[in-house]
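[1] Sequence below, structure please.
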Amino acid sequence: QVQLVESGGGLVQAGGSLRLSCAASGRTFSNTGLGWFRRAPGKEREFVAAISWGGRITSYADSVKGRFAISRDNAKNTVYLQMNSLKPEDTAVYYCAAATTNLPSRYPREYDYWGQGTQVTVSS
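    Okay, here's the model as predicted:
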């Protein structure tokens, strides 16, 4: 059974940092792109960041560019999201996902496995 399990969420003050992790099990994802999405209360799910299978190509939403960094460790079947300079508007449930391609994608339709999400709350 394929599973993606996120961890590392929590409550942080504005300007603080968090590091999210997403561990995959059930199959290797070393040949697929991986991504992070988020859903804020009352809003639709939105793209945050994605990384290619080898980690050399990344893509970010404009709202997080320069503050967030995505990385992966294929030996551990894990993808990370380092979030710095957090803002209250970053408050959301964050989901990791595994793509159907080996390149980073901004589109949810190109992901076929999803985690259950981890809550990130940024207080002002």
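
[2] Residue 29 contacts residue 75, doesn't it?
    No - contact criterion CB atoms under 8 Å: residue 29 and residue 75 do not qualify, at 11.8 Å. Any C-beta I mention is one placed from the backbone N, CA and C, and that applies to glycine too.

[3] who's more crowded, those two?
    Neighbours were counted for residue 29 and for residue 75 using other CB atoms under 10 Å; residue 29 has more, 23 against 7.

[4] Quick check: chain neighbours aside, which residue is closest to that one?
    residue 98 (5.0 Å; CB to CB, 6 or more residues apart in numbering).

[5] That neighbour bridge partners, please.
    Beta bridges link residue 98 to residue 34, residue 113 when assigned by DSSP bridges.

[6] Next up, the contacts around it.
    4, 24, 29, 32-34, 111-113 (CB atoms under 8 Å, 6 or more residues apart in numbering).

[7] now, among the residues you listed, which is nearest to residue 105?
    residue 33 (5.9 Å; CB to CB).

[8] measure residue 60 to residue 69 for me?
    Distance, residue 60 to residue 69, by CB to CB, to the nearest Å: 9 Å.

[9] my bad, residue 122
    From residue 122 to residue 69 the distance is 17 Å (CB to CB).
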